[in-house]
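1. I need the structure of the sequence given here:
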Amino acid sequence: MMKRFICILLVIFMLFIAACSSNEDQVTSSKEESDGNNIIFSYPTESSAEPSSNESSEASSQSTTTDENSSIDTSEDSTTDVTSEAPSSSTPESSTVSSQAPVISAPPISSPDISIDPSSPENVWINSLKGQQDTDYHGYTAEELDDYFDDALFVGDSVSHGLKLYTSMYEKGIFSGMTFHTGACYGFNNCLSAVTNKSLHPVYQGQQRTIWEMISLTNPNKVFIGFGLNDFGCVTTKNVKNCLDKIIANIRAVKPDIQIILLSSGYFTKAGEKYNPSMNDFRVCSRQRDYNQFVLEYCNSLGLDYIDVSNCFADEYGYLDKDLAMDNYCHPHIKHYHMWRDILYGYAADKINGDYTNPERMR
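-> Sure, this is the predicted structure:
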């Protein structure tokens, strides 16, 4: 009897131990334990589990790309002075490589060492072309010469845009019959691109337009084109010729008998010259003169008019005169565009008289 009683107690005790053990297992398997205020234990859940090695490296790569994007220089020069050297990445060598291409940052820009010391004549170009473009009205009034441009379209870059600003800021009413199609960074190359929300075509009547669309809309008899500042620093003469051929073909396709006149490209101040050999980008006046000479010869070969509007702003060494520049780089101050006015009026007078000839040279 006593033995049976002891056995029953042992069974009851063992059942009690088993029940306690079951309660401990339930506590261990819960994801969180709380005292009502603070979380005491927190166990990993599926959503917060540690990433695999591949997932970790991809996240690291994406983080690196984001950092590089945030450091891109959005200044104007960064679009033209970019090199092919990619920044170093903090991603470990064992990490998975991101499929996104690395972002290239613009390096610092330095000016070339171009001396104007008379003791080094090989580094000096003496400008003898300042007065080569006729500015004589030849007896015509300014009003009569202004009428010559009533059927003209004036296309150009930011330097050419200065003439439009001059007509609204300093001498309102001149060239009032001429349509302007000018804008920042416009050039021989990008004027051939399609019109998109990222293209650089100037706006007319609320929409961006190509040159040939402008000709179709405004029906001019003359088109003046002032490009080169955004082209000559990073292209070859072959590129320029290809662009000119296409531009002229597109214009002639709309209006075969239109008169096409090309303007010379502007120069840089001595301090404003940019030099980036890794991109074959030589933003120096000597290169601008070479390309201006090339375009002049191109015009001569096709019987097109060419007007020198650059040397009126140049100093005795062929740089943009720093005293005439608004930014000590490439943009003449707007108030000095009366020089362009006189050149264009002189051109009109010569054309009316039937004796205009292209400049002899540009270098």
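2. Help me confirm that residue 252 is found in a helix?
-> Yes. Counting by DSSP: H, G, I helix; E, B strand; the rest coil, residue 252 is part of a helix.
3. which ones are touching the residue nearest to it when sequence neighbours are not counted?
-> In this structure, residue 252 finds its nearest non-sequential neighbour in residue 258, 7.3 Å apart by C-beta to C-beta, 6 or more residues apart in numbering. All C-beta spots, glycine's among them, are computed from the backbone N, C-alpha and C. Contact partners of residue 258, counting by C-beta atoms under 8 Å, 6 or more residues apart in numbering, are 215, 220-223, 251-252.
4. Could I have the CA atoms of stretch 344-353 written out in CSV?
-> Provided in CSV are the C-alpha atoms of stretch 344-353 (Å, rounded to 0.1, in the frame of the first residue of the first chain):
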residue,chain,number,x,y,z
LEU,A,344,25.8,94.5,-88.9
TYR,A,345,24.8,97.9,-90.2
GLY,A,346,28.1,98.1,-92.1
TYR,A,347,27.4,94.6,-93.6
ALA,A,348,23.9,95.8,-94.6
ALA,A,349,25.3,98.9,-96.3
ASP,A,350,27.9,96.8,-98.3
LYS,A,351,25.2,94.3,-99.3
ILE,A,352,22.9,97.1,-100.5
ASN,A,353,25.7,98.6,-102.5
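5. Which residues does it contact?
-> 133-140, 142, 145-146, 148-149, 175, 305, 307, 356-357.
6. Which ones among those map onto helices?
-> Mapping these onto helices (DSSP state H) picks out 142, 145-146.
7. and residue 155, what element?
-> Here residue 155 sits within strand 152-156, counting by DSSP states H and E.
8. what mean pLDDT would you report for that strand?
-> The pLDDT scores in strand 152-156 average 98.
9. so what does the helix or strand following that strand touch, helix or strand wise?
-> Next along the chain after strand 152-156, taking DSSP H and E as the criterion, comes helix 158-169. When contacts are defined as 3 or more C-beta pairs under 8 Å, 6 or more residues apart in numbering; DSSP states H and E, helix 158-169 sits against strand 152-156, strand 179-182, helix 338-353.
10. What residues of helix 158-169 count as buried?
-> 158-164, 166-167 (16 or more other C-beta atoms under 10 Å).
11. which residues in this protein form strands?
-> 32-34, 39-42, 152-156, 179-182, 203-204, 207-208, 222-226, 259-263, 274-276, 281-283, 305-307 (DSSP state E).
12. roughly how far apart are residue 258 and residue 351?
-> 15 Å (C-beta to C-beta, to the nearest Å).
13. One more: residue 166?
-> 21 Å.
14. and if you look at residue 288?
-> Taking C-beta to C-beta, one finds residue 288 at 26 Å from residue 351.
15. Ok, residue 315 next?
-> Distance from residue 315 to residue 351, by C-beta to C-beta: 29 Å.
16. before we move on, back to that, which of residue 288 and residue 351 has more neighbours?
-> A side-by-side neighbour count of residue 288 and residue 351, using other C-beta atoms under 10 Å, places residue 288 first with 27 against 16.
17. That one touches residue 230, doesn't it?
-> No. Counting by C-beta atoms under 8 Å, residue 288 stays clear of residue 230, with 11.7 Å between them.
18. Overlap of the contact sets of those two?
-> With C-beta under 8 Å, 6+ apart, residue 288 and residue 230 have no common neighbours.
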